[in-house]
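Colleague: task: produce atomic coordinates for the following.
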Amino acid sequence: MRAAFPKLLSSQIAFDIARSILDGFDKHYRLFREASQDAKRYFEQREWKTAQTRARERIAFYDARVQECVHLLEDEYDEGDLTDEVWREVKLHYIGLLINHKQPELAETFFNSVCCNILHRTYFHNDFIFVRPAVSTEYIEPDELQPTYRVYYPAKDGLHYTLKRIITNFQLQGRFADLERDVSHVEARLQGMFGHDLMEPNHQIQVLASLFYRNKGAYVVGKGINGNRIYPFVVPILYNRKGEMVLDTVLFDPTLITVLFSFTRAYFLVDMEVPSAYVQFLRTLLPNKPRSEIYTILGLQKLGKAAFYRDFLHHLRHSSDCFENAPGIRGLVMVVFALPSFPYVFKVIKDHFPLPKETTRALVKEKYLLVKNHDRVGRMADTLEYSNVAFPRSRFADELLAELKEVAPSIVEEDGDEIIIKHLYIERRMMPLNIWLMEAERRGDRAAVEHGIVEYGNAIKDMVGVNIFPGDMLYKNFGVTRYGRVVFYDYDEIEYITNCNFRAIPAPRHEEDELASEPWYPVAKNDVFPEQLGTFLLGNPDVRKYFMKHHADLLTPQYWQNARQRILDGHIEDVFPYPQELRFSYKPLIPAAQAA
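Modeller: Next up, the predicted model:
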């Protein structure tokens, strides 16, 4: 009878390689946690620019440590010593090293990244890498001094005292403007949510032990529990104009909490000893959000990618529809295709671009990396970037495959019953705004048209606030999420506001200037003429009416020039990932006539 267990592990080389890879991961996660811990100090000292820089640097930590590890192994070992049997043992030794590890799922992903940089893609199966997780993340206990969450019992001490204790337990170094007042505001709103559960002795409040830092805010994330009833809530902590801390509001609507943790925003900085425990806690608040997206929004985007890809492979095995061109106007730079049963799109850069596009594959990749590292301010979709992805040939529509081979032959390869795409991006699928507006017009739903235009202008203004000029502002380059938010997703012409020169169109010198097919004035590469936007955007009378009502300032060079100057002056705009009217300090504007 054949043995059910592998033979005794005997390769010292295999163990040493496994140890080196885990050492590389441990170095990465130590630096990752240090960056997250630093966020508390930056918040307390209001060092917003430093915090932004640190958040961008943290994104690059992972790839830097992977390359360090790859170079170490390539320098240390001869290729002839690294047989298939050795590589099999490497993985088994690695599993043994993870038995009592606090971040095994992250360490497995790091192992995959190192091995996929060294091994050919034919080795990308479970004998050599972690196609499936090998170590459970259930019930990993943190150190006693670093709990995942703290538990409070409001029935014992009263809700007001409990909430004040929750805030003070974070030991923020700084002065609150009026903590008693703010706690009373939070208490009043939570009273309505908790209701009679507050009076029951088994009612408890659980709060994650680390604040969630992003932009200029720190967020308390918690939930009330009574039996099988769960009440999620988030309390943002901000600074007022006097430099004092305030509790800005309390969010308990699941939709608003989901938007706070959206794929269109910058990653949070959170100090987590056991990240899987944080993810499990957040999943109880966000049951419809996949684990992959929660890991990503916590800054663990590489594990998010790995978890997403496992979900994708599972979906492929349990579906039968074919990949086909995504709906919408065909792009000049990308081929975009989708699997109808899967809520994402796949984007492949073409080899060559027709006029008027003047760009290169390298420049397009650079633009997407810019967005990955930038504050996406809730208005730019995050992208997952993959290399050497194998798709079943049988799942491709013939028309789509023919187009891919024609326009991107350098990165599309047919290998037996598989299609290998050497580089692609994957994004959440949204309805293109141009289609959304056309359907609203067809239904005669003017409220929906107005909402779309308001959101479109707000999206542009939010991006402007973080130094982003979309470049191509046509409606087809924006999508509408399931929550009705408008999000930008076409990045090949994106540019920093500070790199643009916003100009007014010079007055024509004579009648011939007005009739000329070419401009009568010199135009440099980064010149932008906001007055021209209306020509491309406002052909529809309803759209024009709503645009001029809400966003006429976008057609003036003064708006853009003023925004550019504020950025150059070092001003960092406030970003509120929730409606302004929910803020405790919100005062609705009173029309002048009514005030009189």
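Colleague: for the residue nearest to Ala504 when sequence neighbours are not counted, give its distance to Cys500.
Modeller: Nearest non-adjacent residue to Ala504, counting by Cβ to Cβ, 6 or more residues apart in numbering: Pro557, 4.8 Å away. Every C-beta, even on glycine, is put in place using the N, C-alpha and C of the backbone. Remark: distance between Pro557 and Cys500 (Cβ to Cβ, to the nearest Å) = 11 Å.
Colleague: SS state for Arg41?
Modeller: Here Arg41 takes the helix state, with states given by DSSP: H, G, I helix; E, B strand; the rest coil.
Colleague: what's the neighbour count on it?
Modeller: Residue crowding around Arg41 was assessed by other Cβ atoms under 10 Å; the count is 12.
Colleague: so how far is Ala51 from it?
Modeller: Arg41 sits 9 Å away from Ala51, taking Cβ to Cβ as the criterion.
Colleague: phi and psi next, for the residue nearest to Ala504.
Modeller: phi -60, psi -30 (degrees, to the nearest 10).
Colleague: mind checking pLDDT for Gln594?
Modeller: Gln594 is assigned 42 on the pLDDT scale.
Colleague: which parts of this protein belong to which domain?
Modeller: According to automatic domain parsing, the chain comprises the domains 12-123, 149-295, 319-429, 433-582.
Colleague: possible to save the ones you listed as JSON lines with mean pLDDT and distance to Leu313?
Modeller: Shown next, in JSON lines, are these (pLDDT from 0 to 100; distance: least, Cβ to Cβ, whole Å):
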{"stretch": "domain 12-123", "mean pLDDT": "94", "distance to Leu313": "14"}
{"stretch": "domain 149-295", "mean pLDDT": "94", "distance to Leu313": "12"}
{"stretch": "domain 319-429", "mean pLDDT": "93", "distance to Leu313": "10"}
{"stretch": "domain 433-582", "mean pLDDT": "92", "distance to Leu313": "24"}
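Colleague: mind putting those domains into TSV with distance to Pro142?
Modeller: TSV is the format used below for the domains of the chain (distance: least, Cβ to Cβ, whole Å):
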stretch	distance to Pro142
domain 12-123	7
domain 149-295	5
domain 319-429	28
domain 433-582	28
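Colleague: the ones you listed: which one's closest to Tyr139?
Modeller: domain 149-295 (9.1 Å; Cβ to Cβ).
Colleague: so how far is the closest one from its chain's centroid?
Modeller: Here domain 149-295 shows a centroid-to-chain-centroid distance of 21 Å under the convention Cα atoms, centre = their mean, to the nearest Å.
Colleague: can you check stretch 568-577 too?
Modeller: Centre-to-centre, stretch 568-577 and its host chain are 19 Å apart (Cα atoms, centre = their mean).
Colleague: if I look at the residue nearest to Ala504, how far off is Glu531?
Modeller: Plainly put, Pro557 is 7 Å away from Glu531 if you go by Cβ to Cβ.
Colleague: between the two, which is the more surrounded one?
Modeller: The neighbour count for Pro557 versus Glu531, taken as other Cβ under 10 Å, is higher for Pro557 (16 against 12).
Colleague: I figured that one hits Arg503, correct?
Modeller: Yes - if you go by Cβ atoms under 8 Å, Pro557 and Arg503 touch, sitting 5.9 Å apart.
Colleague: what's the overlap in contacts for the two?
Modeller: Listed as contacting both Pro557 and Arg503 by Cβ atoms under 8 Å, 6 or more residues apart in numbering are Phe529.
Colleague: Val234 reaches Tyr219, doesn't it?
Modeller: Yes - in this structure, Val234 is within contact of Tyr219 by Cβ under 8 Å, at 5.4 Å.
Colleague: quick check: chain neighbours aside, which residue is closest to the residue most central in space within the chain?
Modeller: In the chain, the centroid-proximal residue (Cα atoms, centre = their mean) is Phe263; its distance is 3.7 Å. Nearest residue to Phe263 in three dimensions, chain neighbours excluded: Asp382, at 4.7 Å (Cβ to Cβ, 6+ apart).
Colleague: what is the burial count for the one you found?
Modeller: Asp382: 22 surrounding residues under other Cβ under 10 Å.
Colleague: tell me the SS of it?
Modeller: coil.
Colleague: for Asp490, same thing?
Modeller: coil.
Colleague: ok, so what distance separates the closest residue to it other than its chain neighbours from Pro356?
Modeller: Nearest residue to Asp490, sequence neighbours excluded (Cβ to Cβ, 6+ apart): Asn477, at 3.8 Å. Going from Asn477 to Pro356 by Cβ to Cβ gives 15 Å.
Colleague: tell me which of those two has more neighbours.
Modeller: Asn477 (21 against 6).
Colleague: check which residues of stretch 184-195 are buried.
Modeller: Buried residues in stretch 184-195, counted by 16 or more other Cβ atoms under 10 Å: His185, Val186, Glu187, Arg189, Leu190, Phe194.
Colleague: again, but for stretch 446-459
Modeller: Ala448, Val449, Glu450, His451, Gly452, Ile453, Val454, Glu455, Tyr456, Gly457, Asn458, Ala459.
Colleague: again, but for stretch 383-393
Modeller: Buried residues in stretch 383-393, defined by neighbour count with 16+ other Cβ under 10 Å: Thr383, Leu384, Tyr386, Val389, Phe391.
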